[in-house]
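Asks: sharing a sequence plus its predicted fold:
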Amino acid sequence: MFLKRVTLLHEKIENRVEYPFTIPSISGLEQLELTSSVTFFVGENGSGKSTLLEAIADKCDFNTAGGGRNNIYDVHASQSVLGDYIRLSWLPKIGNGFFMRAESFYHFATHIDEMAKEEMIPYRAYGGKSLHEQSHGESFLSLFLNRFSSEAIYLLDEPEAALSPQRQLMFLRILHELTQDEECQFIIATHSPILLGFPGAQILSFDHGEIQEIQYEETDHYRITKSFLDHRERFLTEITADEEE
């Protein structure tokens, strides 16, 4: 792994009552130690996990709308608001990598089409054809299989968004190969209990107003999913009872 630590530069913060410092997990951050080649950010929507991931992408000089250092295009509201307030500690420092955010992947795919038309890049790095000509899930897997390579850092925001459970398992295999054979590092914001089960991963929770490391079985994603699968009839009975009231 390459990125070892993320530090919040408190001395640079002038107004703590403005976003993103109104997010408890962000305002309370001091140093975040990364101890595994795969780190997951988990937490409820609005807990700060995507905000910090985007800031890391910004400090890596990746396009915060999605892409690497050479993907230059604009998407509304893609500018990081936290990037100027964090410091990244590397050993060694690398520049290769990619930031993928599911919510703006359409714009990234359009950007690749425009570059291909100008013969600036071949489609070979994206499965041999336009990402728009592939299903949503196929385009995600094409990116992982063809664009991702050795000695790089990859920042992924909810990669499970277009992946079926079966394809999430395929992604876990890709993740294993890239970390074990290609010496890659991943930081992934996710809600998927399947992805969170990756062996040896570090899981950082942004809930309860602070960032803390937890075990897989302690995540809400695991506990709620397991409880529902074990007691599905009870859950459904309670839901229909609430509707009748």
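Replies: Right, received. Where do you want to start?
Asks: not counting residues beside it along the chain, what's closest to E33?
Replies: R5 (5.6 Å; CB to CB, 6 or more residues apart in numbering). All C-beta spots, glycine's among them, are computed from the backbone N, C-alpha and C.
Asks: what's across from that neighbour in the sheet?
Replies: Counting by DSSP bridges, R5 is bridged to E33, S89.
Asks: residues in contact with it?
Replies: Contact analysis of R5 by CB atoms under 8 Å, 6 or more residues apart in numbering lists Q31, L32, E33, L34, L88, S89.
Asks: gap between the first one and T225?
Replies: Yep, that's Q31 we're talking about. The gap separating Q31 from T225 is 32 Å, by CB to CB, to the nearest Å.
Asks: between these two, which one's more packed in?
Replies: Taking neighbours as other CB atoms under 10 Å, Q31 and T225 compare with T225 leading, 15 against 10.
Asks: I'd say that one and P193 touch.
Replies: Yes - counting by CB atoms under 8 Å, P193 is a contact partner of T225 at 4.7 Å.
Asks: residue boundaries of the helices in the protein?
Replies: When assigned using DSSP state H, the helices of the chain occupy the ranges 24-27, 49-59, 105-117, 136-142, 165-180, 220-230, 232-244.
Asks: which residues does F148 contact?
Replies: Shown in contact with F148 (CB under 8 Å, 6+ apart): F98, Y154, I174, L178, E182, C184.
Asks: since we're on the nearest residue to L9 once chain neighbours are set aside, how many residues are nearby?
Replies: Closest residue to L9 apart from its sequence neighbours, by CB to CB, 6+ apart: Y85 at 5.2 Å. Residues lying near Y85 (other CB under 10 Å) number 20.
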